[in-house]
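Asker: This is a predicted model, with the sequence first.
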Amino acid sequence: MKRTVWFGLFAILIMTFAWRLFYISPYASTWDQVDFVLALERFDLLSMQPHFPGYPYFILGGRLFHLWLEDPVTSLSVLNVVLAMTAVIPVYLLARRRFQPVYSLFISLMVQAPAYLWILTAQPVSEGTALAILWWYWWGLAKALDNRTWYVQLLPLFLFGLLMGVRLSWFPFGLGILFLWIYDAYRHWEKPRRQVISRLLFYMMAATFFQLLWIGGLVQVTGSIRGFVKLALAFVTGHFEDWGGAVSSSSLTFVERLSRLLFDDIIWTGWFADSVIVAFVTGGFFLASAASVLSFRRRDGWARTPRLLPSFDMWMVIMCLVYLIWVLLAQNVEKPRHISPLIGPVFYMATAAVLGVARSRMALMLPVLVLVVQSVAGMIYTYQQTRELPATYQLAQEVEKWGDDVVVYTWEETRVLQYLDVDYTHRRLYTYDLFLYEMKKRTEDHVYVTGQVIEGFRAQGAELDGKIRKVGEFHSSPLFSPVYHTIELYEWIDR
């Protein structure tokens, strides 16, 4: 029986890996995806190839795969799939701190199971790679927690450097390093204070060195430290005051942002993948895991730490909560992919809670059902993602049929139109006054404006009744492209 279980779990693992490799997204349909794809051909931060901070390790990995794969979109997506699957190893090793091998492998598969992560790791964005490195980083922290030797303490510092070179916005997870340093000082407290302080300073210098590895490369690309700092400040200013979607720039109230983040991004999209069936099964599983936590009694074999700090599982919870606050205050809540690092830990903790109190095979049926339902949903979605033409691509192809005397004013869609090298003129535009100035020069052209631009004009007080006529609407799945799943196109008729 045990051999059959092992065979079944490995079969699921291989099937997951093979399916994701076969059904990777062939499209670069958003601004960020185009940035990453163009960077494989020419790395240029000033041209937003990619945008700051450059994601150098992600681009480096993509270029390595690009040596064998001709298509840059495929290169980045395959990188994501391959690295995301390696996360099975650190999750297994973390689970082995508490569970027998077969349970640990099952937990590893549950972390891979969420359908939304299937979608995300099949796209040419950096989250898939970052998710893998995050789990390796967490394993490195746990390893350093269990081992006093100095070189083991460097492992999470190195892995965190890799993580920052892939997703700088995930820096709140660096809180785990602070926990580790506090704990390391505590367990060496009986030694002379000078030795404890010297040890801590050494780790700080090592952590700085691992960050400077990728930052130094970007400085070299931009030409100087001054140029790099100037570019960084411009990015930060734009992120928080213009296009980033932070609290300071968003039209949403704080309550609306919180509601969208928790219920739309995390629960409905991240956990349930916009599916009632997935929500029913997974929601029941989460309720069962909550009940398991409430009835939990500590068993022999569970990892323990001194009273100074909680268990490593609690470290993960605290890091995730801090990251959640960061996303709420400083990230674009219209993009659910920002909450991707919060999905796996929830499935990890919930599965661990159920397995920790399971006393019969029947108790394992619900997590097995969740594994199957989430995986099947992920298979369906990744298949659909390869077959469904993104709304931005639909826009590009439709307008191209209308001739050369066409001008399309867009918001961020223009990045995709540029990547697709369409024959007609297109331009990114924000302000209504500039648009009116442009109209004085476009008397002979057929002018079209996307819905995002129209919304911006109206927010600036523009009265557009009788000036526009809707000529098209393009749709794709909000799971695949949450911001641009619906694009409306209007003709400007006030000539």
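Answerer: Arrived safely.

Asker: C-alpha only now, for contacts and for neighbours.
Answerer: Will do.

Asker: lowest average confidence, helix or strand, in this structure?
Answerer: In the chain, the helix or strand scored least confidently by mean pLDDT, DSSP states H and E is helix 225-241, which has a mean of 73.

Asker: The residue nearest to F173 when sequence neighbours are not counted: which element?
Answerer: Residue nearest to F173 in three dimensions, not counting chain neighbours: M319, with 5.4 Å by Cα to Cα, 6 or more residues apart in numbering. Using DSSP states H and E, M319 sits in helix 312-330.

Asker: With V447 instead?
Answerer: V447 is part of strand 446-450, with elements assigned from DSSP H and E.

Asker: For that strand, which outside residues touch it?
Answerer: 405-411, 487-492 (Cα atoms under 8 Å, 6 or more residues apart in numbering).

Asker: what would these look like in CSV with distance to F263?
Answerer: Formatted as CSV, the contacts of strand 446-450 follow (distance: Cα to Cα, whole Å):
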residue, distance to F263
D405, 45
V406, 41
V407, 39
V408, 35
Y409, 33
T410, 30
W411, 27
I487, 24
E488, 26
L489, 30
Y490, 32
E491, 36
W492, 38
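
Asker: okay, the helix or strand sitting right after the strand holding V447 along the chain in CSV with CA atoms only?
Answerer: Note on strand 446-450: by DSSP H and E, the next helix or strand toward the C-terminus is helix 451-459. Extracted C-alpha coordinates of helix 451-459, given in CSV (Å, rounded to 0.1, in the frame of the first residue of the first chain):
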residue,chain,number,x,y,z
GLY,A,451,-11.5,52.6,-22.9
GLN,A,452,-8.8,53.1,-20.3
VAL,A,453,-7.9,56.5,-21.9
ILE,A,454,-11.6,57.5,-22.0
GLU,A,455,-11.9,56.7,-18.3
GLY,A,456,-8.8,58.9,-17.7
PHE,A,457,-10.3,61.8,-19.7
ARG,A,458,-13.5,61.6,-17.8
ALA,A,459,-11.7,61.6,-14.5
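
Asker: quick one: Q123 from D44, how far?
Answerer: 21 Å (Cα to Cα, to the nearest Å).

Asker: who's more crowded, those two?
Answerer: Neighbours were counted for Q123 and for D44 using other Cα atoms under 10 Å; Q123 has more, 29 against 19.

Asker: Identify the residues contacting that one.
Answerer: 24-25, 27, 76-77, 80.

Asker: And the residue most central in space within the chain, its phi and psi?
Answerer: Ranked by distance to the mean C-alpha position of the chain (Cα atoms, centre = their mean), the top residue is E127 at 3.5 Å. Dihedral pair for E127: phi -60, psi -40, per degrees, to the nearest 10.

Asker: Renumber starting at 14 from here on
Answerer: Got it, the first residue is 14 from now on, which makes the last one we talked about E140.

Asker: Run a quick check on it versus R180, I expect a contact.
Answerer: Yes: using Cα atoms under 8 Å, E140 is in contact with R180, at 7.4 Å.

Asker: Assumed A304 was part of a helix.
Answerer: Yes: applying DSSP: H, G, I helix; E, B strand; the rest coil, one finds A304 inside a helix.

Asker: Roughly how far does it sit from A108?
Answerer: Separation of A304 from A108 (Cα to Cα): 20 Å.

Asker: who's more crowded, the two?
Answerer: Ranked by neighbour count (other Cα under 10 Å), A304 and A108 place A108 first, with 22 against 13.

Asker: quick one: pLDDT of the residue lying closest to that one once chain neighbours are set aside?
Answerer: Nearest residue to A108, sequence neighbours excluded (Cα to Cα, 6+ apart): S117, at 4.9 Å. Note for S117: predicted pLDDT of 94.

Asker: which ones are touching S117?
Answerer: Shown in contact with S117 (Cα under 8 Å, 6+ apart): 104-106, 108-109.

Asker: Kindly report the same for K483.
Answerer: K483 neighbours (Cα under 8 Å, 6+ apart): 501-504.

Asker: Quick one: which of these is the most crowded by neighbours?
Answerer: Neighbour counts for those (other Cα under 10 Å) peak at L502, which has 24 neighbours.

Asker: Tell me, what's the model's pLDDT at it?
Answerer: 96.

Asker: ditto for P323
Answerer: With respect to pLDDT, P323 scores 50.

Asker: go on, S261?
Answerer: On the pLDDT scale, S261 is placed at 44.

Asker: ok, now M452?
Answerer: On the pLDDT scale, M452 is placed at 85.

Asker: what residue ranges in the stretch 14-163 of the chain score low on pLDDT?
Answerer: For the stretch 14-163 of the chain, the stretches flagged by pLDDT under 70 are 14.

Asker: Just confirm V421 is within a strand.
Answerer: Yes: counting by three-state DSSP, V421 is part of a strand.

Asker: That one: neighbour count?
Answerer: If you count neighbours by other Cα under 10 Å, V421 ends up with 24.

Asker: again, but for L26
Answerer: Look at L26: counted by other Cα under 10 Å, it has 19 neighbours.

Asker: for it, what are its contacts?
Answerer: Taking Cα under 8 Å, 6+ apart, we find L26 in contact with L122.

Asker: May I have the helix or strand hosting it as PDB, with CA atoms only?
Answerer: Following DSSP H and E, one finds L26 within helix 15-35. Provided in PDB are the C-alpha atoms of helix 15-35 (Å, rounded to 0.1, in the frame of the first residue of the first chain):
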ATOM      1  CA  LYS A  15       2.800   2.400   0.900                       C
ATOM      2  CA  ARG A  16       4.600   1.700  -2.300                       C
ATOM      3  CA  THR A  17       1.400   2.400  -4.300                       C
ATOM      4  CA  VAL A  18       1.000   5.800  -2.500                       C
ATOM      5  CA  TRP A  19       4.600   6.700  -3.300                       C
ATOM      6  CA  PHE A  20       4.000   5.800  -7.000                       C
ATOM      7  CA  GLY A  21       0.800   7.800  -7.100                       C
ATOM      8  CA  LEU A  22       2.400  10.900  -5.700                       C
ATOM      9  CA  PHE A  23       5.400  10.700  -8.000                       C
ATOM     10  CA  ALA A  24       3.100  10.200 -10.900                       C
ATOM     11  CA  ILE A  25       1.200  13.400 -10.000                       C
ATOM     12  CA  LEU A  26       4.500  15.300  -9.700                       C
ATOM     13  CA  ILE A  27       5.700  14.200 -13.100                       C
ATOM     14  CA  MET A  28       2.300  14.900 -14.700                       C
ATOM     15  CA  THR A  29       2.300  18.400 -13.200                       C
ATOM     16  CA  PHE A  30       5.700  19.200 -14.500                       C
ATOM     17  CA  ALA A  31       5.100  17.700 -18.000                       C
ATOM     18  CA  TRP A  32       1.700  19.500 -18.400                       C
ATOM     19  CA  ARG A  33       3.100  22.800 -17.400                       C
ATOM     20  CA  LEU A  34       6.000  22.500 -19.800                       C
ATOM     21  CA  PHE A  35       3.700  21.500 -22.700                       C
END
